[in-house]
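1. Show me the folded form of this:
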Amino acid sequence: MSKKANVSFAGEGIAEDWVYGWTIETKKYMTDLTKEFLTDDKQPIGRQNEYKQMLEAMHKGSSVILVGDSGSGKESSVKELAMQSFYGTLKGNLYHQKIFQLMVDAFMAGASNQGELEQRLTDMMAEVSHSGNIIIYIPEFQNIMGSESFHLDLSGAIIPYLGKGNVRIIAAVSPLAFKQFIEPMHSLLDSFTVINFPNPSKEEVLDMLFAKALEIELANKVSISYRAILASINYGGNYVKEKVMPGSAVLLLEDSANAVSLSNRDIVEEADILAQIKKVVHVEVGEPKVEERTLLLNLEQELHKRIIAQDEAVSAVSEAIRRLRAGLTMSQRPISFLFLGPTGVGKTATAKALADVYFGAKTRLIRLDMSEYTGEDGVKKLLGSPPGQGDEKGYLTESIYDNPYSLIVLDEFEKADSKILDLFLQVFEDGRLTDSKGKTVSFVNSIIIATSNAASEFI
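-> As a prediction, the model looks like this:
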């Protein structure tokens with residue numbers, strides 16, 4: 001008997017797409033992500049466990065919601081699905097499927113009311129259902145589920161198609177948006193499988209970056225050292241606050257490689273990673289250089305140029321800063337002090353001098369008069385308005401989010417409301433706060449000085 005020939009094709013065959021239905025209305029409001037992914041040289045990042053969960057759910061006909069912050073790898077998993085489906089390596093109802101992304105702005109353009117938008121969505125869903133080869137990808141899924149930004153809720157028009165299994169959707173949301181807009185919709189969630197993208201461990205990020213480093217090296221014609229990869233993991237979170245791991249580390253590595261390539265050098269070293277970070281955060285990171293070492297060794301003298309006496313306080317602050325830069329502090333907690341004494345002895349002046357001398361600018365000083373936070377509304381001032389109660393941002397959390405390397409002064413700390421004191425106890429213990437919108441802000445790189453007049457008559 002003759003042997004069977006094994007023939008494989010890379011991608012769809014000639015005119016294979018003709019067997020599927022027309023999608024004239026759909027293409028007005030969606031873009032073909034599969035085509036974009038195939039022309040993009042960047043390879044997907046890890047997340048194999050989450051990717052397998054997505055495949056299993058979609059293979060059985062379910063739509064999925066990917067829950068994770070920007071940079072966590074949600075779109076990377078969608079890209080992997082699009083590429084593998086195009087190449088024909090996935091079977092059944094995932095074989096040769098196309099990923100189309102809904103463009104919310106284009107979808108809403110020119111519509112006079114929600115009824116018209118619902119009709120557009122119904123027409124698209126009918127086409128997608130008939131086509132047989134389209135999976136809809138909707139990033140920022142909350143934008144059509146009643147978010148405050150677009151004031152648009154199309155869940156009622158989507159649910160009937162999901163219930164029948166004729167249309168499959170890959171939705172992506174942040175954890176905050178999921179809690180606020182998606183989780184309350186129980187009838188909608190019945191048609192979705194929820195897949196969480198938690199923060200990966202350092203070891204998992206390292207594996208992802210090893211795979212990504214080769215791609216970055218080829219793109220920039222440089223080599224990347226192992227220590228540079230480690231530095232991108234350690235400092236990535238400080239470099240780009242809008243993304244989480246592994247996205248923040250990848251972006252830092254890409255930008256550093258690009259800078260080295262522009263300098264006509266061949267190897268990306270740890271120093272290049274630290275130099276790239278300094279461009280963004282405007283402070284020294286990593287091992288202190290000669291100039292900073294000199295400042296650290298003579299910090300008491302520099303502070304005394306601005307502060308009269310108070311030798312003990314100046315010495316304690318200087319020693320703490322040296323421990324911080326030497327890496328000898330508890331990494332998950334900020335350095336904190338309580339300055340006690342009567343008015344006029346230099347408590348706040350010492351804090352201002354430290355911000356000016358060490359951080360290089362008084363703009364790095366965040367000063368809070370705690371006598372203004374004696375009521376429960378103080379929590380709203382610090383953390384922002386809760387969902388549905390306005391758009392006010394938290395002064396403290398936003399200030400540290402924008403400038404993580406800052407000095408926080410809490411004047412007259414004892415006058416604050418007990419709930420405010422509890423917030424700062426969390427900062428001292430855990431090194432972070434979560435604002436009213438669900439965004440977590442790290443205080444690890446900040447210095448906190450609380451001042452008080454308590455017991456000043458004995459001091």
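
2. just for the protein, where's the confidence low?
-> 1-23, 148-150, 327-331, 361-362, 387-388, 456-459 (pLDDT under 70).

3. Does Ile195 touch Met58 like I think?
-> No - counting by Cβ atoms under 8 Å, Ile195 does not reach Met58; the two are 10.3 Å apart. The C-beta positions use only the backbone N, C-alpha and C, and glycine is treated the same way.

4. any common contacting residues for those two?
-> Residues touching both Ile195 and Met58 (Cβ atoms under 8 Å, 6 or more residues apart in numbering) are Val64.

5. Pull up the gap between Ala111 and Val104, please.
-> 11 Å (Cβ to Cβ, to the nearest Å).

6. next one: Tyr95
-> In this view, Tyr95 and Val104 are 29 Å apart by Cβ to Cβ.

7. Show me the helices in the stretch 151-300 of the chain, by range?
-> Here the stretch 151-300 of the chain has its helices, by DSSP state H, counting those that start in this stretch, at 155-164, 175-177, 186-189, 202-220, 226-239, 247-262, 270-281, 290-297, 299-304.

8. returning to that earlier point: neighbour count winner among Ala111 and Val104?
-> Set side by side, Ala111 and Val104 show more neighbours around Val104, with 19 against 14, by other Cβ atoms under 10 Å.

9. secondary structure class for the residue lying closest to that one once chain neighbours are set aside?
-> Spatial nearest neighbour of Val104, chain neighbours left out: Asn143 (5.0 Å); criterion: Cβ to Cβ, 6 or more residues apart in numbering. Per DSSP: H, G, I helix; E, B strand; the rest coil, the local secondary structure of Asn143 is helix.

10. Return the residues in contact with the nearest residue to Gly375 once chain neighbours are set aside.
-> Distance criterion Cβ to Cβ, 6+ apart; nearest residue to Gly375, sequence neighbours excluded, is Asp417 at 6.0 Å. Applying Cβ under 8 Å, 6+ apart, we find Asp417 in contact with Tyr373, Thr374, Gly375, Glu376, Gly378, Val379.

11. For the last one, give me its contacts.
-> Remark: with contacts taken as Cβ under 8 Å, 6+ apart, Val379 is in contact with Asp417, Lys419, Ile420, Leu423.

12. quick one: which of those residues is most hemmed in?
-> Highest neighbour count within these: Ile420, with 23 neighbours (other Cβ under 10 Å).

13. To which secondary structure element is Val128 assigned?
-> Assigned by DSSP states H and E, Val128 belongs to helix 114-131.

14. Now do the buried residues in that helix.
-> Leu117, Glu118, Arg120, Leu121, Thr122, Met124, Met125, Ala126, Glu127, Val128, Ser129, Ser131 (16 or more other Cβ atoms under 10 Å).

15. Pull the contacting residues for the most centrally placed residue in the chain.
-> The centroid of the chain falls nearest to Lys243 when counting by Cα atoms, centre = their mean (2.7 Å). Taking Cβ under 8 Å, 6+ apart, we find Lys243 in contact with Asp69, Ser70, Gly71, Leu251.

16. gap between the two ends of stretch 129-147?
-> 26 Å (Cα to Cα, to the nearest Å).

17. about what we covered before: adding secondary structure and distance to Ala259 as columns, could you present the contacts of Val379 in JSON lines?
-> Putting the contacts of Val379 into JSON lines (DSSP: H, G, I helix; E, B strand; the rest coil; distance: Cβ to Cβ, whole Å) gives the following:
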{"residue": "Asp417", "secondary structure": "coil", "distance to Ala259": "47"}
{"residue": "Lys419", "secondary structure": "helix", "distance to Ala259": "45"}
{"residue": "Ile420", "secondary structure": "helix", "distance to Ala259": "43"}
{"residue": "Leu423", "secondary structure": "helix", "distance to Ala259": "39"}
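
18. hmm, which two among these are most spread apart?
-> Asp417 and Leu423 (9.5 Å; Cβ to Cβ).

19. Double-check that Gln101 belongs to a strand.
-> Yes - under three-state DSSP, Gln101 falls within a strand.

20. Tell me the spacing between it and Leu176.
-> 22 Å.

21. Can you identify each of the strands in the stretch 1-150 of the chain by residue range?
-> 30-32, 63-67, 98-102, 134-138 (DSSP state E, counting those that start in this stretch).

22. quick one: which of those is nearest Lys91?
-> strand 134-138 (15.0 Å).

23. got the residue ranges for the helices in the stretch 351-459 of the chain?
-> 378-383, 395-402, 418-430.
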